[in-house]
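Peer 1: Requesting a structural model of the entry that follows:
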Amino acid sequence: MKQNEMLAMILAGGRGSRLHDLTNKVAKPAVAYGGKYRIVDFPLSNCANSGIDVVGVLTQYESVLLNSYVAKGGLWGLDTKDSGVFVLTPREKADAGLDVYRGTADAITQNIDFIDSYNPKYLLVLSGDHIYKMNYDKMLDCHKKAGAAATIAVMPVSMEEASRFGIMITDENDKIIDFEEKPAHPRSTLASMGIYIFDWQKLRAILVADKDDPDSAHDFGKTIIPTLLNAGETLVAFRFEGYWKDVGTIDSLWEANMDLLTDNNDLQLDDPSWKIYTEDANALPAYIGPDASIDVAYITQGCVIEGEVKHSVIFTGAKVGKGAKIIDSVLMPGVVVEDGAVVTRALVADNVKISKDAVVGSADSKEILLQAKDI
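Peer 2: As a prediction, the model looks like this:
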């Protein structure tokens, strides 16, 4: 890939309301994952590993922590003279009475000047709240070979899940012939991953025309993709093979952490050939007490484990007291579980304190409990 041939824009402004109290004070992409990471580390690391030099991160809700975090471009090696991570926020309030992005496409529209300043041939648009590893350069090769106006990353889902996604209907050559946004009766199980490559000039023209349309949803799935299809442009599906998780709910965030505990998990966070970069925590090594019991666990630096941990993920700086039991659970950064407490099938939010002998969660629960307050 030539320098600045493709520029990336990460959509990181969603509310993340289905994560409830986890996103009361931080944006969804800033939520912690996997012991020491943040969700936004994944698309940013993918960009760095794919040779993309310039990345715009479009933030909006509860963005103070996220803005300061992604501004540290050096975490991902994107802080040289010719590269960088740029925080972009809504800026049309004076012109249109707006202080928010009106949709995924409008977020790009409001930053056309930024994109134009680099004059890219292609634009990569990414969701900032998915966990996966992908070489975007391979997707760009697919885009070029097809001579496409847009390439959309897809992966198969079950028929039951398909109604939650944008669904692609393709021909035998993976050319997209139709698109359905969250259909009640899906005609395909190829789900959009929210990862797009566009010919920038073609997309730009559509965005400019869409900007002042009062009836538009200003959204890629609802507006831009149908417009391209109706115009007869070539759209192709890029079939992704690998781990991908939309962590939009408490259950899915818990599941994504539990996936790290499986043998030969597809994500392989310790793979040196495709490193996931993050901020180094200033913490001591983990301490495992003489009476501690650990069975299938993911334990990060700075943890103090004196009780029992079974099939659980323990984040940086968490503490498990003597006689305490952590089972099928996720303890986020700074959690303290005092002596004798039991935590089962739960996700405990950052810095929450579980008092001595307290009981949180249940092995019989069908849904994962979010414990976001001291108990």
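
Peer 1: average model confidence for the longest strand along the chain?
Peer 2: Ranked by residue count and defined by DSSP state E, the top strand of the chain is strand 190-199. The pLDDT scores in strand 190-199 average 95.

Peer 1: contacting residues around the closest residue to Ala286 other than its chain neighbours?
Peer 2: Once flanking residues are discounted, Ala286 sits nearest to Cys303: 4.4 Å by C-beta to C-beta, 6 or more residues apart in numbering. For the C-beta atoms, the positions are set from N, CA and C on the backbone; glycine is no exception. Under the criterion of C-beta atoms under 8 Å, 6 or more residues apart in numbering, the contact list for Cys303 reads 286-287, 314-320.

Peer 1: quick one: the helices in the protein?
Peer 2: 41-49, 64-70, 93-96, 104-109, 112-116, 136-146, 200-211, 225-230, 250-259 (DSSP state H).

Peer 1: Relative to Tyr243, which of those is closest?
Peer 2: Counting by C-beta to C-beta, Tyr243 lies closest to helix 250-259 out of those; the figure is 7.4 Å.

Peer 1: chain center to that closest one: distance?
Peer 2: Here helix 250-259 is found 13 Å from its chain centre; the criterion is C-alpha atoms, centre = their mean, to the nearest Å.

Peer 1: cool, and stretch 246-262?
Peer 2: Relative to its parent chain, stretch 246-262 has a centroid offset of 12 Å by C-alpha atoms, centre = their mean.

Peer 1: residues in contact with that stretch?
Peer 2: 16, 18-20, 22, 28, 31, 33-35, 39, 127, 129-131, 243, 245, 265-267, 269, 296-298, 311, 313, 328, 330, 347, 367-368, 370.

Peer 1: Let's see that with 6 Å instead.
Peer 2: 18, 34, 130-131, 245, 265, 296, 298, 313, 330, 347, 368, 370 (C-beta atoms under 6 Å, 6 or more residues apart in numbering).

Peer 1: ditto for stretch 304-311
Peer 2: Contacts of stretch 304-311 (C-beta under 6 Å, 6+ apart): 287-289, 292-297, 319-328.

Peer 1: That one spans what distance, first to last residue?
Peer 2: Stretch 304-311 has an end-to-end distance of 17 Å (C-alpha to C-alpha, to the nearest Å).

Peer 1: 26 is where my numbering starts, stick with that
Peer 2: Okay, residue one is now 26; in that scheme the one you just asked about reads as stretch 329-336.

Peer 1: how about that stretch: buried residues?
Peer 2: 329-334 (16 or more other C-beta atoms under 10 Å).

Peer 1: farthest-separated two in those?
Peer 2: Val329 and Glu333, at 13.7 Å, using C-beta to C-beta across those.

Peer 1: circling back: tell me which two in the contacts of stretch 271-287 are the farthest apart.
Peer 2: Across the contacts of stretch 271-287 (C-beta to C-beta), the longest gap, 27.9 Å, separates Arg43 and Val321.

Peer 1: the more surrounded of those two?
Peer 2: Comparing Arg43 with Val321 by other C-beta atoms under 10 Å, the one with more neighbours is Arg43, at 16 against 11.

Peer 1: where's the more buried one relative to Leu278, distance?
Peer 2: Remark: distance between Arg43 and Leu278 (C-beta to C-beta, to the nearest Å) = 10 Å.

Peer 1: Hmm, Leu32 and Tyr143 touching each other?
Peer 2: Yes - judged on C-beta atoms under 6 Å, Tyr143 makes contact with Leu32 at a distance of 5.3 Å.

Peer 1: so what sits against both of these two?
Peer 2: By C-beta under 6 Å, 6+ apart, the residues touching both Tyr143 and Leu32 are Val79.

Peer 1: Figure out which of the helices of the chain is closest to Trp101.
Peer 2: Nearest of these (C-beta to C-beta): helix 66-74, 4.4 Å.

Peer 1: Please enumerate residues in contact with that closest one?
Peer 2: So helix 66-74 is in contact with 33, 35, 80, 101-103, 151, 153, 156, 159, 299, 301-303, going by C-beta under 6 Å, 6+ apart.

Peer 1: Select from the residues you listed every entry located in strands.
Peer 2: Here DSSP E is the test, and the contacts of helix 66-74 give 33, 35, 80, 151, 156 as lying in strands.

Peer 1: pLDDT averaged over stretch 150-160 - what is it?
Peer 2: Per-residue scores along stretch 150-160 average to 94.
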